[in-house]
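A.B. asks: Next one to model:
(one chain, ligands or ions: 1)
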Amino acid sequence: MKFTVVTILPELVEPALTAGVVGRAREAGVITVGTVNPRDFTSDRHRTVDDSPYGGGPGMVMKPEPLLAAIAQAAGDPPARRILLSPAGAPLTQARVRELAQLPHLVLVCGRYEGIDERVIEIAIDEEISLGDYVLSGGELGALVIIDACARLVPGVLGEPTSADEESHSAGLLEYPQYTRPAKLGEREVPAVLQSGNHALIAAWRRQQSLLRTAARRPDLFARVRPTKADAKLLPPPLVERTHLALVHHPVTDRTGKLVTTSLTNFDIHDLARSTMTYGLAAYHVVTPITSQREKAEHIANLWLVDQGANLPRKPPKTGSRATALALVRTQDAIETVIAELTGEYGMAPFVVATSARSDSFPGIPRCTPDQLRAEASIRPEPLLILLGTGWGLADHLIPSVSRLLAPIEGRADWNHLSVRSAGAILLDRLFGRPA
Ligand SMILES: C[S@@+](CC[C@H](N)C(=O)[O-])C[C@H]1O[C@@H](n2cnc3c(N)ncnc32)[C@H](O)[C@@H]1O
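C.D. replies: Alright, predicted model coming up:
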């Protein structure tokens, strides 16, 4: 594979290509790297490659003529892919590196100063690549990154042909933790499974670590992973299937901050049951200490489940009907009862998350966004219990039971009085909705 770097600072590029994997690959002739300097295509005494920007502003811009001539010479033969390193380009990914490594020749154009004349991009650049959302003083380091990342995928460059396959990003996952001798470093021991010699167990452990690490550190990548059937055994059950929503009528506050018990509304039972069903949660708990209110909730739910005339159960509800949604409704007298029931059901206490419209609620409890919560709770084994408050919100009395507070949902206006049904639906969509 051939790389040609178009740069006014070849002395920055050359030394970085002499050692390590890339250096050996060059020596072995598996890759070749050359440079072309736009200064060699100038005609004035000072070999000028920059000029001031049209429209004014700070800094200088690279002149088009020397750059175009340098790119034309660099591209030569075989036909090359001409890439400009630019902070405005598409972020470099391992998937793109894999595609680029298939090509015979890359021309890597390095900007300097404030960048290059836009017409050079229109005339002579096939794609723009960025290293990340920060600004470097030139494209040379980016060119070296592309050379390094591509070169190690070229057959014959890495000792073991499979070693690039298992690395971070190669299958959309981060790599599992690696260890070498000694087996014990102070208090820290290499996981026993890696010392077992059982290759099937080691492979399963490594896959599990990759999945858990990706879910914890890069939820954006994990969201795109389609776990296989074998993966499902290595991960906790899908989060949504062990997520419970609770609508709390006590302890909540009124507008003055006083502790109160609110009364149930028919809408809250129906609409949140339907959201619970739509997003595939395990259950919806209506929590009130008032017995008659719990009976009312059960009655409303049962209206859909029992044939009123004959007082007989209706036919099993059709999947997706309102009755299946209301079958998810459970009533309890207190949050503590919900927690105790879930602890019995799952064999471990739930991970409890509060919600609030105010950012100063639940002092001392760590805040999280829906993405952060999904990432964390997906790899924790416990059921997830999300508390929605009625009235003016959940009371801080619940602090001892709560592990996280979800960031308030905010619109564009200063007015923030979503109904609990709307807030619940928005949160469930942010946590579990499929991207459009
Ligand atoms: C100082 S930068 C110019 C930044 C430009 N004024 C802008 O705001 O987009 C000079 C050159 O460094 C290179 N460069 C800077 N940041 C980069 C990044 N994040 N990825 C790739 N190349 C970068 C580009 O070749 C760029 O033309």
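A.B. asks: For the rest of this, base every contact and every neighbour count on C-alpha atoms.
C.D. replies: Noted.
A.B. asks: Show me which positions of the helix or strand Gln293 falls within end up buried.
C.D. replies: Gln293 belongs to helix 291-303 when assigned by DSSP states H and E. For helix 291-303, burial by neighbour count (16 or more other Cα atoms under 10 Å) applies to 293-294, 296-298, 300-302.
A.B. asks: In this structure, where's the longest strand?
C.D. replies: strand 81-91 (DSSP state E).
A.B. asks: So for it, mean pLDDT?
C.D. replies: Per-region confidence: strand 81-91 scores 97 on mean pLDDT.
A.B. asks: Buried residues, it. List them.
C.D. replies: Of the residues in strand 81-91, 81-87, 89 count as buried by neighbour count, 16+ other Cα under 10 Å.
A.B. asks: Lowest mean pLDDT among the helices and strands of this protein, which one is it?
C.D. replies: strand 312-313 (a mean of 47; mean pLDDT, DSSP states H and E).
A.B. asks: which strands and helices sit next to the host helix or strand of Glu65?
C.D. replies: Element membership of Glu65, judged by DSSP H and E, is helix 64-75. The contact analysis (3 or more Cα pairs under 8 Å, 6 or more residues apart in numbering; DSSP states H and E) places helix 64-75 against strand 2-6, strand 32-36, strand 81-91, strand 105-110, helix 118-124.
A.B. asks: right, is it up against the ligand?
C.D. replies: No: judged by Cα under 6 Å from any ligand atom, helix 64-75 makes no contact with the ligand; its nearest approach is 12.2 Å.
A.B. asks: returning to that earlier point: elements contacting the helix holding Gln293?
C.D. replies: helix 266-279, strand 283-287, helix 322-326, strand 329-332.
A.B. asks: so His285 touches His249, yeah?
C.D. replies: No: counting by Cα atoms under 8 Å, His285 stays clear of His249, with 10.9 Å between them.
A.B. asks: sorry, back to before: what subset of the buried residues of strand 81-91 is also close to the ligand?
C.D. replies: Within these, those near the ligand by Cα under 6 Å from any ligand atom are 85-87.
A.B. asks: Spell out which residues of this protein are next to the ligand.
C.D. replies: Where the chain comes near the ligand, counting by Cα under 6 Å from any ligand atom, the residues are 85-88, 110-115, 130-139, 142.
A.B. asks: Now the buried members of these.
C.D. replies: Buried members of these, counted by 16+ other Cα under 10 Å: 85-87, 110-112, 114-115, 130-131, 138-139, 142.
A.B. asks: got the contact list for the closest residue in space to Gly433 that isn't next to it in sequence?
C.D. replies: Of all residues not flanking Gly433 in the chain, Tyr279 sits nearest, at 6.9 Å (Cα to Cα, 6 or more residues apart in numbering). Tyr279 makes contact with 240, 428-429, 432-433, according to Cα atoms under 8 Å, 6 or more residues apart in numbering.
A.B. asks: What's the separation between Tyr279 and Arg434?
C.D. replies: Distance of Tyr279 to Arg434, computed by Cα to Cα, to the nearest Å: 9 Å.
A.B. asks: which strands and helices sit next to whichever helix in the chain runs longest?
C.D. replies: For the chain, the longest helix by residue count, based on DSSP state H, is helix 199-217. For helix 199-217, the elements it packs on are helix 219-222, helix 229-234, helix 370-379, judged by 3+ Cα pairs under 8 Å, 6+ apart.
A.B. asks: Figure out how far the second one is from the centre of its chain.
C.D. replies: Taking the mean of its C-alpha atoms, helix 229-234 sits 20 Å from the chain's own mean (Cα atoms, centre = their mean, to the nearest Å).
A.B. asks: List the buried residues of it.
C.D. replies: Counting neighbours by 16+ other Cα under 10 Å, helix 229-234 gives Leu234 as buried.
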